[in-house]
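Visitor: Turn this into a structure:
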Amino acid sequence: MEWDDSINSGFSKAKDIYLPVSGKTSVKEQEEDKDSLLSTVKKLIEVKKECSLFDVDNDINFLRDDEILIFERTDGVDSVFVCINLSDSDFEIKNIKKRLYSEKMSENKVSPGGFVIFK
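Guide: Numbering: from 1, shown residues only. Below is the predicted model of the structure:
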């Protein structure tokens, strides 16, 4: 999440970070925009609270592109995958067995700022 226009957009002062920073608009600019990345993150937090696979003790495996963030959460028995589109264009995703939750997604395309949680 971009907080401001400082190094790594205010997310971290570390030289190397493991999550991509899009460098687009900051929290300050996104607070009133229901289609912003900030709104998407707030929705993801709501979903996280409802799914025990997101508990801190479960494993997380990152598979990412600079503008498409994909990760898996697993407890060793069950898994969920999360795909967040940080790009400016639609992202096509295949082989979704069971969609648990999505925002800004139609058919198999995730719109910019959208996400899907699936098995």
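Visitor: Output the longest strand belonging to this protein.
Guide: When the chain is parsed with DSSP state E, its longest strand is strand 109-118.
Visitor: what helices or strands is that strand leaning on?
Guide: When contacts are defined as 3 or more CB pairs under 8 Å, 6 or more residues apart in numbering; DSSP states H and E, strand 109-118 packs onto helix 37-50, strand 79-85, strand 91-92, strand 99-106. In this view, the C-beta of every residue, glycine as well, is placed from N, C-alpha and C.
Visitor: Quick one: distance of stretch 49-56 to the chain centre.
Guide: Relative to its parent chain, stretch 49-56 has a centroid offset of 15 Å by CA atoms, centre = their mean, to the nearest Å.
Visitor: quick one: terminal-to-terminal distance for it?
Guide: End-to-end distance for stretch 49-56, by CA to CA, to the nearest Å: 11 Å.
Visitor: buried set for that stretch?
Guide: 53-54 (16 or more other CB atoms under 10 Å).
Visitor: How about stretch 28-38?
Guide: Buried positions in stretch 28-38, judged by neighbour count with 16+ other CB under 10 Å: 30, 36-38.
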